[in-house]
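**Q** Curious how this folds, go ahead:
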Amino acid sequence: MLKPLADRVLIEPAPAEEKTASGIIIPDTAKEKPLQGKVVAVGPGKKDEPMTVQAGDSVLYGQYSGTEIKLDGNTYLIMRESDVYGIIKN
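**A** I've put the predicted structure just below:
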């Protein structure tokens with residue numbers, strides 16, 4: 001597994017919606033990029049800026065945030081913690 005550096009977080013994006021609420025199947029080309037996911041790993045933070053998110057947190061992030069990377073056949077996003085909008089609490 002990848003260990004992020006500084007204030008970066010590794011996120012596993014939530015799966016894209018497969019169909020609409022009315023049951024219409026969405027083709028791959030029309031699926032919107034998910035805007036939420038689960039934090040898999042976090043860096044140690046920066047000096048005087050500790051990390052707020054933790055591994056296991058469900059988070060919201062910007063549509064164009066992060067860099068997509070593939071590890072062990074899975075797709076993840078790596079981004080700065082400042083690109084995360086918030087933590088989803090249940």
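
**Q** Going by C-alpha atoms from here, please, whenever you check contacts or count neighbours.
**A** Will do.

**Q** Looking at this protein, which residue reaches furthest from the middle?
**A** S22 (26.9 Å; CA atoms, centre = their mean).

**Q** so what pLDDT did that residue get?
**A** Looking at S22, its pLDDT reads 73.

**Q** and it, what helix or strand is that in?
**A** For S22, there is no helix or strand it lies in under DSSP states H and E.

**Q** right, and K70 touches E12 too?
**A** No: K70 sits out of contact with E12 when judged by CA atoms under 8 Å, with a separation of 10.4 Å.

**Q** Which neighbours do these two have in common?
**A** Common neighbours of K70 and E12, using CA atoms under 8 Å, 6 or more residues apart in numbering, are Y76.

**Q** who has more neighbours, the two?
**A** Set K70 next to E12 and count neighbours by other CA atoms under 10 Å: E12 wins out with 18 against 9.

**Q** what's the distance between the closest residue in space to M79 that isn't next to it in sequence and N90?
**A** In space, M79 comes closest to G66 once its chain neighbours are excluded; the distance is 4.2 Å by CA to CA, 6 or more residues apart in numbering. For G66, the distance to N90 equals 25 Å [CA to CA, to the nearest Å].

**Q** more neighbours, those two?
**A** G66 (20 against 4).

**Q** for P4, what are its contacts?
**A** Contacts for P4 (CA under 8 Å, 6+ apart) come out as 10, 41-44, 78.

**Q** okay, the residues you listed in a markdown table with pLDDT, neighbour count and secondary structure next?
**A** Shown next, in a markdown table, are these (pLDDT from 0 to 100; neighbours: other CA atoms under 10 Å; DSSP: H, G, I helix; E, B strand; the rest coil):
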| residue | pLDDT | neighbour count | secondary structure |
| --- | --- | --- | --- |
| L10 | 96 | 27 | strand |
| A41 | 96 | 22 | strand |
| V42 | 97 | 26 | strand |
| G43 | 95 | 21 | coil |
| P44 | 94 | 16 | coil |
| I78 | 96 | 22 | strand |
